[in-house]
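> With the input below, show me the fold.
(chains A and B)
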Amino acid sequence: MSTVDLDQVNKVYPNGFHAVKDLNLNVGDGELMVLVGPSGCGKTTALRMVAGLEDITSGSVRIGGKVVNEVSPKGRDIAMVFQNYALYPHMTVAENIGYALKLRKMPKVELTAKVRETADILGLTEWLNRKPGQLSGGQRQRVAMGRAIVREPSVFLMDEPLSNLDAKLRVQMRAEVSRIQRRIGVATIYVTHDQTEAMTMGDRVAVMRAGVLQQIDDPQVLYDRPDNLFVAAFIGSPAMNLYEAVVGEGAGSVQLGSQRVDLPDSVVLAHPGLASYAGKTVVIGMRPEHLPTVVPGGRGATLGADVDLVEALGSELVVHFTIDAKRVLAEGAHSADAEAATISGEGVARIDPRTPVKAGDRITFAIDTAGLQFFDPVSGAAIWS
Amino acid sequence: MRNRKRTGWHRVINGVSISTFFVALFIGLPLYWIIASSFKTPVSLGTSPPQYFPNPVSTTNYQQAFSQYNFGVYFRNSLIVTLIATAIVLAVGTLAGYGLGRLPMRGKFSLMVTLLMISVFPEIALIAPLYLLLRNLGWLNSFQGLIIPYAAFNLPFAIWILRNYFLSIPKEMEETGRIDGASPLRTVWEIILPQALPGLFTAAIFCFTACWTEFLMALTFNSANNYRTIPVGIAEFGTVFTVPYGTIFAASVVAVVPIGILVFIFRKFVISGLTSGAVKG
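Numbers count the residues shown, from 1 in each chain, chains lettered A, B, ... in the order given. Below you'll find the predicted structure:
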């Protein structure tokens, strides 16, 4: 049972690349902390520094209150699951799981019992004498988990452990990994680039970008109150719609392209800082689910849009639309392909599945103003007070 | 394009299998001729038209090779020189290949290119200086006089093969080993080497074959009867007056057998060793 604390940790590679900048992170006992961000954001480097596989340029890493900067990986009492599992292909499942115990010179009887117990937890008992090459992807993943938990480490590190699995299996293993983690109750750092994984698994989620920690919070807070444009754009699928808008007098309205959207007083009350942006440009953010279709006789803020494409998912309709406002992309939050394919003014809404709407229609959304977010266009910081 | 299903004899006889047949014939016939002739009597060796099957079957040639021509000694010498040279190449090559493939180090690329250049250097250009060197060391007509040059000549290629093989093993293997608590040597011995076995076999077989069949250095450095290896020994079977073809054939068969057995046993490993790195496993 242990905690992990990173204090002002920096990593600068010999070629001058500053991979992790002043990272502060505290993982509580039994907590599952997810590090999420686009590739190259430094999340894996941070994890590897905790594991001791990467030197720390400055700052300190503490495990269970003890500074471990100079401690070898072996001495840190950690277990790590790698993206490619790194199972020893020439050893059986049982030997793979028991290897670390064998190195600790655990008596054979005890070792066999431990391996059996672990295999039971993971449903691997009948595969114990197989080699990894004879297992399916999901089974290999479980062996990797088994190899980590059999040692009863005080910290669990996972580096994108599910990214080699197909989509369906990933959803299943996601739940399984969470269950196992709760069962053994060990402080865990889980690295992923998949925001869905981060949201569903993390007790808390730390969002990183270009080596800098952006925000660290409960998944719901991250979703509802992102600190900046990057977090807003990165968390949520489909992503938040972000447009440039000019704030009207007293923040009673915003000008979105050619449309004027009236804002109720509740918006200014929730975002008092918005008043000082009167006459200036801000970035307005609307989650896809905050754009329901307008009901007849309904009042409040509305937004007219041209429907480009309708995707029926059964539980909802995903409507791709275009308005004449300028769309904003948070740098690095989207894949390069998505950025390249973006059409100006494009947006996404999730609406009731029984709405009669088709491509080419003109549609009017009722904006759920309680869910609106505002960001400074230069700094990207969220505008609240 | 016609897309008809191959049926009947088309399935068996087509361009590919016909060419395979001829290639096999091209390689197999001489081998067959050596084996068949080694069982013929001196009289039936020279008949015209030639005998396609030995009749009568005789083992005299084999007996003669060992009793009259000292072939047993040559075989022993070849075995000693080849096995020790191969062992040295594997031991040094593994460490060098691991270092060059895995450890952070400056000038890796130039080192690898230098090795490649050395490995294509013509042997004959080095014979004279090597001879003088060995003579000064007093190593002419000794086992080490062949073992050391053989090891040196075969190392570059072995290092290349092994390094490429080590490169194909994911680096997470070592990292897992470190976290599991294995020392660096133990990691190499228990985790990396077992996975590099195909590469080791490939390097071993290439080295073994090269040493086993080497002629020029063996002839130059070890001319005394007690230190001759098989290739030199066989070449010296003939005298000015007679060439004992049957005995030469018999000796050649015995010389080829170990290589044949080795390659046959490890053929799968050799193929995967040569193609490693081409596709991600």
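
> In the chain, which helix is the longest?
Went with chain A since none was named. Criterion DSSP state H: the longest helix present in chain A is helix A:167-184.

> think we crossed wires, I meant chain B
Counting residues, the longest helix found in chain B (DSSP H) is helix B:71-102.

> Residue 114 - how many residues pack around it?
Answering for chain A, as no chain was given. For residue A:114, the neighbour count with other C-beta atoms under 10 Å in any protein chain shown is 17. Yep, even glycine has a C-beta here, placed from its N, CA and C like the rest.

> Please refer instead to chain B.
12.

> swap in residue A:156?
25.

> nearest residue to the residue in the stretch 101-250 of chain B that chain A sits nearest to other than its sequence neighbours?
With C-beta to the nearest C-beta as the measure, residue B:172 is the residue of the stretch 101-250 of chain B nearest to chain A, at 3.6 Å. Spatially, and ignoring its direct neighbours in sequence, residue B:172 is nearest to residue A:86 (3.6 Å; C-beta to C-beta, 6 or more residues apart in numbering or on different chains).

> Contacts only, for that neighbour.
Counting by C-beta atoms under 8 Å, 6 or more residues apart in numbering or on different chains, residue A:86 touches A:144, B:170, B:172-173, B:175-176.

> Scan those residues and report the most crowded one.
Most neighbours among the contacts of residue A:86, by other C-beta under 10 Å: residue B:176, with 29 neighbours.

> Excluding chain neighbours, give the residue nearest to it in space.
Using C-beta to C-beta, 6+ apart and skipping residues adjacent in sequence, the residue nearest residue B:176 is residue A:86, 4.4 Å away.

> that older thread, how far is the longest helix of chain B from where the chain is centred?
11 Å (C-alpha atoms, centre = their mean, to the nearest Å).

> The helix or strand that that helix is followed by and chain A in contact?
Scanning forward in sequence from helix B:71-102 by DSSP states H and E, the next helix or strand is helix B:108-119. No - residues of helix B:108-119 contacting chain A under C-beta under 8 Å from any C-beta of the partner chain: none, with a closest distance of 15.5 Å.

> Tell me the gap between helix B:108-119 and the middle of its chain.
Centroid displacement of helix B:108-119 relative to its chain, using C-alpha atoms, centre = their mean, is 22 Å.

> Same question for stretch B:218-233.
18 Å.

> wait, isn't the residue of the stretch 101-250 of chain B closest to chain A in contact with residue A:84?
Yes - the pair residue B:172 and residue A:84 passes the contact test of C-beta atoms under 8 Å, sitting 6.0 Å apart.

> Report the set of residues contacting both of these two.
Counting by C-beta under 8 Å, 6+ apart, nothing touches both residue B:172 and residue A:84.

> How about the residues of the stretch 151-281 of chain B by chain A?
B:170, B:172-173, B:175-176, B:178-182, B:186, B:191, B:194-195.

> same thing but 7 Å
B:170, B:172-173, B:175-176, B:178-182, B:191, B:194-195 (C-beta under 7 Å from any C-beta of the partner chain).

> ok, residue A:169 - contacts?
Counting by C-beta atoms under 7 Å, 6 or more residues apart in numbering or on different chains, residue A:169 makes contact with A:137-138.

> quick one: it and residue A:309, what's the gap?
Distance, residue A:169 to residue A:309, by C-beta to C-beta, to the nearest Å: 29 Å.

> tell me which element the residue in chain A that chain B sits nearest to falls in.
Taking C-beta to the nearest C-beta as the measure, chain A has residue A:86 as its residue closest to chain B, at 3.6 Å. In the assignment (DSSP H and E), residue A:86 maps to no helix and no strand.

> Can you list the low-confidence ranges for the chain?
Went with chain A since none was named. By pLDDT under 70, the weakly predicted segments of chain A are A:1, A:297-298, A:332-343.

> wrong one, chain B
B:1-7, B:272-281.
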